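# sequence plus predicted model, see below.
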Amino acid sequence: MFFFELIGAYLKQLRPRKAGPPGRSRTRAVGDAAEEFALAFLRKEKGFRLVERGMMDEDGELDLVGRIKGNEGLVVVEVRARKEGGLLTPREAVDAKKQRQVVETARRLLPRKGFHDVLRFDVVGVYLNDRDEPVRAEHFESAFDQSVLRKR
């Protein structure tokens, strides 16, 4: 009997994990875990203070918005998760199109919330293990700026 329980436990570990609450995709669950990991990383390593999270409208979303000790104004952080050793690094995955979308979204949404500060756009790359669990993060300060809107 013990042998079958052992085999069953092993097979259960091999099965893909469910994404969480019904209605949430696995990709969204992994993205949420990566954002949480990035937020904890920024708080610990950079003194990040969260102002807004997951700000969105029909045309875009801002992952994290906050302030970093020693930086004037708001910092908009795009979080990108990728498998460790993948073809693209998380930083490379934030292409020009995504950069434009983030800048345009920030220009639309932040004034609605009363924010008119100087903006900086950072990227936090979160590396995932084989089980899609965040294992490390990398911070790219001033990864892009509003000039991406002129480069069409």
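Perfect, thanks for sending it.
# for the rest of this, base every contact and every neighbour count on C-alpha atoms.
Fine.
# dump the residue contacts of the residue most central in space within the chain.
Closest residue to the average C-alpha location of the chain: residue 79 at 2.2 Å, with Cα atoms, centre = their mean. By Cα atoms under 8 Å, 6 or more residues apart in numbering, the contact set of residue 79 is 34, 35, 38, 63, 64, 123, 124, 125, 126.
# just these: which are in strands?
63, 64, 123, 124, 125, 126 (DSSP state E).
# of those residues, which is the most crowded?
For the ones in strands among the contacts of residue 79, the largest neighbour count, defined by other Cα atoms under 10 Å, is 28 neighbours, found at residue 126.
# look up how far residue 32 lies from it.
Distance, residue 126 to residue 32, by Cα to Cα, to the nearest Å: 11 Å.
# next: residue 113.
As judged by Cα to Cα, residue 113 and residue 32 stand 23 Å apart.
# these two: which is more packed in?
Using other Cα under 10 Å as the criterion, residue 113 and residue 32 rank with residue 32 on top: 16 against 10.
# so where does that one fall, helix or strand?
Using DSSP states H and E, residue 32 maps to helix 26-46.
# immediately after that helix, which helix or strand?
By DSSP H and E, the next helix or strand past helix 26-46 is strand 49-57.
# that following strand: which residues count as buried?
49, 50, 53, 55 (16 or more other Cα atoms under 10 Å).
# picking up where we left off before, same list, the contacts of residue 79, but as CSV with distance to residue 45 and pLDDT please.
Formatted as CSV, the contacts of residue 79 follow (distance: Cα to Cα, whole Å; pLDDT from 0 to 100):
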residue, distance to residue 45, pLDDT
34, 16, 96
35, 15, 97
38, 10, 97
63, 18, 97
64, 15, 97
123, 14, 97
124, 12, 97
125, 14, 96
126, 14, 96
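# closest one to residue 89 out of the ones in strands among the contacts of residue 79, please.
Nearest to residue 89, judged by Cα to Cα, of the ones in strands among the contacts of residue 79 is residue 125 at 7.6 Å.
# would you check how far apart the closest one and residue 109 are?
Distance of residue 125 to residue 109, computed by Cα to Cα: 23 Å.
# and what of residue 145?
Applying Cα to Cα to residue 145 and residue 109 gives a distance of 16 Å.
# what do you get for residue 102?
From residue 102 to residue 109 the distance is 10 Å (Cα to Cα).
# those two: which is more packed in?
More crowded of residue 102 and residue 109, by other Cα under 10 Å: residue 102, with 25 against 17.
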